[in-house]
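A.B. asks: Compute the structure for the input listed below.
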Amino acid sequence: MIMVTGATGNFGRPLVTELAAQGRKVRALTRTPERAELPAGVEPCDSAAPDFAGVSALVLNIAGAPGSTAALLGAAKAAGVRRVVTLSSLLVATDGEAAAEGSTAAIHRDLEEAVEEDFEQWTHLRPGGFASNALQWKAQLQAGDVVHGPYAGACTAPIHEADLAAVAVRALLGDELLGLAPSLTGPQELTLAEQVEILGAVLDRPLRYQEIGPEAAKAAMLAHNSWVQEEMIDSLLSFLADTVGRPALVTGEVERILGRPALTYAQWAEANAAAFSALA
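C.D. replies: Coordinates of the predicted model:
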């Protein structure tokens, strides 16, 4: 049995779907198990009361983990879970040792260390920007053709969540990624403004990115994401600022691991176009 935290999220959903398609037993942690739409055969489980009975592997997404991560890992170890695949961050590889306390890099660095201390079988997935981060623009693009956000020139290589899920499946079902922490990116570097342009081309709409100041962006993020800590937003804005005018890291690890080209941002946009349909 494989337990997946954040099972209905942008990463968890395609992972659960792929595991179920391969006939694997999956227990999906979710805050709303009674309403969760899951593939046939997947067992929903209330994230407030994780049931580790029969679980041999855990996919740990800190954003979808209930309460204390330390308590969750302790319960997993006590129940005999043998393998942990963590959803970490590329920032651990780029500035993990120098990361300020409370930053995204420091939080994920500490998570990796905790997993390594208690579990012999581990893999840390270190993605950079997610293509699905564009879903934060959903409301704006349903209402109009302008995205207001910070640092239009911030440059990343966003990864398609289906690729990230496919790598996670390899880490769960095989041994070739044990003890490794691959840095995972999409196949091309794109600024935030370029991402919006690609969405516009896919949607056949004249979309554009309008840059606003970081303080205004922070206030908007806090207003729409009550569960996100202020320190994490500060860390994100600092990261975006640092990427302006700099080439993004493109690793090629997805292609090496999966044996096929990584999916592009345009492919992600085409698969998720309906989410951005303008309101009537």
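A.B. asks: got a list of contacts for stretch 74-83?
C.D. replies: When contacts are defined by Cβ atoms under 8 Å, 6 or more residues apart in numbering, stretch 74-83 is touched by residues 3, 50, 52-53, 55-58, 84, 118-122, 172, 178. For the C-beta atoms, the positions are set from N, CA and C on the backbone; glycine is no exception.
A.B. asks: Next one: residue 235 from residue 95, what distance?
C.D. replies: 10 Å (Cβ to Cβ, to the nearest Å).
A.B. asks: Of the two, give the one with the bigger neighbour count.
C.D. replies: Neighbour tally, residue 235 and residue 95, criterion other Cβ atoms under 10 Å: the higher count belongs to residue 235, 21 against 17.
A.B. asks: gap between that one and residue 241?
C.D. replies: Taking Cβ to Cβ, one finds residue 235 at 11 Å from residue 241.
A.B. asks: ditto for residue 114
C.D. replies: Residue 114 is 29 Å from residue 241, by Cβ to Cβ.
A.B. asks: Compare the two (neighbour count), which wins?
C.D. replies: residue 114 (17 against 13).
A.B. asks: Quick check: phi and psi at the more buried one.
C.D. replies: Main-chain torsions, residue 114, degrees, to the nearest 10: phi -60, psi -40.
A.B. asks: Contact partners for it?
C.D. replies: 69-70, 73.
A.B. asks: Buried subset of those residues, written for PyMOL?
C.D. replies: Entered in PyMOL, the line below selects the buried ones among those, by 16 or more other Cβ atoms under 10 Å:
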select buried, resi 69+73
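A.B. asks: residues in contact with residue 146?
C.D. replies: Residue 146 touches 140, 207-210, counting by Cβ under 8 Å, 6+ apart.
A.B. asks: and if you look at residue 273?
C.D. replies: 202-203.
A.B. asks: Look up how far residue 76 lies from it.
C.D. replies: Distance from residue 273 to residue 76, by Cβ to Cβ: 38 Å.
A.B. asks: Tell me where the stretch 1-150 of the chain has strands.
C.D. replies: Here the stretch 1-150 of the chain has its strands, by DSSP state E, counting those that start in this stretch, at 2-4, 26-30, 43-46, 57-61, 83-87, 121-127, 146-149.
A.B. asks: Report the mean per-residue pLDDT for the third one.
C.D. replies: Spelled out, that is strand 43-46. Strand 43-46 shows a mean pLDDT of 92.
A.B. asks: May I see the buried residues of it?
C.D. replies: 44-45.
A.B. asks: That strand pairs with which strands, parallel or anti?
C.D. replies: strand 26-30 (parallel) (DSSP bridges).
A.B. asks: now residue 209: how far from residue 153?
C.D. replies: From residue 209 to residue 153 the distance is 10 Å (Cβ to Cβ).
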